[in-house]
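Novice: When you get a sec, could you give me coordinates for this:
(2 chains)
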Amino acid sequence: EAQVTQNPRYLITVTGKKLTVTCSQNMNHEYMSWYRQDPGLGLRQIYYSMNVEVTDKGDVPEGYKVSRKEKRNFPLILESPSPNQTSLYFCASGFLSAGNGYTFGSGTRLTVV
Amino acid sequence: GQNIDQPTEMTATEGAIVQINCTYQTSGFNGLFWYQQHAGEAPTFLSYNVLDGLEEKGRFSSFLSRSKGYSYLLLKELQMKDSASYLCAVRSHSGGYQKVTFGTGTKLQVIP
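Specialist: Alright, predicted model coming up:
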């Protein structure tokens, strides 16, 4: 089944404790992206990647890191999480042509205390 | 930067037609998406417009005017399950890279 898999679905952590949210897709998509979704602010792009080893900042990259060492994986790293990073995170992937849109993962609800 | 505007909320009656508007300002426009998102779920792709005009997909249609920075999503024969948020998103070039920016979404409530 074609899908984008995010893990974990839910995570509660403490301020400053490094964490990684994984994202994997099995559709050979070139484009992958991370978003956070907050009430009243909508989906905001954190980082995106157009192919292996090609990444760029979105609109809200501060406090996040990403890597794209393999085409299928695009992990999101929070080196030192803070409470303002409490949010719902989505990973998405698609072909660069974008004609069929992007497929989203199920989301990761992160709480930083 | 990019600016995307869409109404916050709309209400429509089951069986009716509703039009959700989206206006945008961006440099390097490279396409506009519409997504549907039910509460607590991931967004799902509805349509993609890169050229001016109307694209029809069953009960859903999407229109784009690049010169006016304007799009709309048209939902016909509304069903209760269409109650959801509808997200407009713009793709743009930026120095050889591509960014996608979402509007804050329009929450549609379908009533009997």
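Novice: got the contact list for residue A:48?
Specialist: Neighbouring residues of residue A:48 by C-beta atoms under 8 Å, 6 or more residues apart in numbering or on different chains: A:31, A:32, A:33, A:34, A:55, A:56, A:58, B:97, B:98, B:99, B:100. Where you see a C-beta, it was placed from the backbone N, CA and C, and this is true even at glycine.
Novice: Check residue B:27 too.
Specialist: Taking C-beta under 8 Å, 6+ apart as the test, what residue B:27 contacts is residue B:92.
Novice: Can you read off the pLDDT for it?
Specialist: Looking at residue B:27, its pLDDT reads 86.
Novice: one step back: among the contacts of residue A:48, which ones are in helices?
Specialist: If you go by DSSP state H, those have nothing in helices.
Novice: Go through those and say which is closest to residue A:68.
Specialist: The nearest member of the contacts of residue A:48 to residue A:68, counting by C-beta to C-beta, is residue A:55 at 5.6 Å.
Novice: what's that closest one in contact with, if anything?
Specialist: So residue A:55 contacts A:47, A:48, A:49, A:66, A:67, A:68 (C-beta under 8 Å, 6+ apart).
Novice: State the pLDDT value of it.
Specialist: Residue A:55 is given a pLDDT of 94.
Novice: so what's it bridging to?
Specialist: Residue A:55 has these beta-bridge partners by DSSP bridges: residue A:49.
Novice: Quick one: the strands in chain A, in order.
Specialist: Using DSSP state E, the strands of chain A run over residues A:4-7, A:10-13, A:19-25, A:31-38, A:42-51, A:54-57, A:65-66, A:76-78, A:87-94, A:103-104, A:108-112.
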